[in-house]
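J.: quick one, structure for this:
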Amino acid sequence: IICELYSSSNHRIVPSLSGKHLAEQFGFKFSQADVEIGTVRPIFMQLTKVYKAIVNIETRIRRRRQRERVRKLRTLSMNEDIRLFIAGIVVLAILTGLLLYSLACLTDPINNTRSFRHRKRR
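T.: Now for the predicted structure:
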């Protein structure tokens, strides 16, 4: 809370004590400003420092959240890659089984003998 010391008529409009009480009530800093003495500029410099600190904190929080989102997306994509890899292995195993089954049927010695084929035709 910034309180001007004196108005143009040289008497206080808001007493310092009530300004300090109000600042304490809301948890703010109390400062008295006087244009003639030059105490306004340091107060605004302090306010800009506080504002910059708040912006820096918000920026850090935003960056941290963004990093967490990227990390989650990476883990999701890694999990998806693992699932696709496992699905590929399962498909490969099925195809290998079908190939072995078809080779076993074609190379069966009983089915491929001439006499068995000959008996089948009659």
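
J.: low-confidence stretches in the chain?
T.: The model of the chain has pLDDT under 70 over residues 1-14, 35, 76, 105-122.

J.: what's the biggest helix by length in it packed up against?
T.: Taking DSSP state H as the criterion, the chain has its longest helix at helix 40-106. Contacts defined by 3 or more C-beta pairs under 8 Å, 6 or more residues apart in numbering; DSSP states H and E place helix 40-106 against strand 31-33. The C-beta positions use only the backbone N, C-alpha and C, and glycine is treated the same way.

J.: so which bits of the strand it packs on are buried?
T.: 31, 33 (16 or more other C-beta atoms under 10 Å).

J.: just give me how far stretch 18-35 sits from the chain centre.
T.: 39 Å (C-alpha atoms, centre = their mean, to the nearest Å).

J.: would you mark the buried spots in it?
T.: 19, 23, 31, 33.

J.: tell me which two of those sit farthest apart.
T.: Greatest spatial distance among these (C-beta to C-beta): 23 and 33, at 13.2 Å.

J.: about what we covered before: make JSON lines from the buried residues of stretch 18-35 and add distance to residue 61 to it.
T.: Output for the buried residues of stretch 18-35, formatted as JSON lines (distance: C-beta to C-beta, whole Å):
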{"residue": "19", "distance to residue 61": "33"}
{"residue": "23", "distance to residue 61": "27"}
{"residue": "31", "distance to residue 61": "28"}
{"residue": "33", "distance to residue 61": "32"}
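
J.: nearest to residue 88, of those?
T.: The closest of the buried residues of stretch 18-35, once distances to residue 88 are taken by C-beta to C-beta, is residue 23, at 67.8 Å.

J.: if I look at that closest one, how far off is residue 48?
T.: 19 Å (C-beta to C-beta, to the nearest Å).

J.: go on, residue 64?
T.: Distance from residue 64 to residue 48, by C-beta to C-beta: 24 Å.

J.: try residue 62
T.: In terms of C-beta to C-beta, residue 62 sits 21 Å off from residue 48.

J.: off-centre distance for stretch 49-58?
T.: 21 Å.
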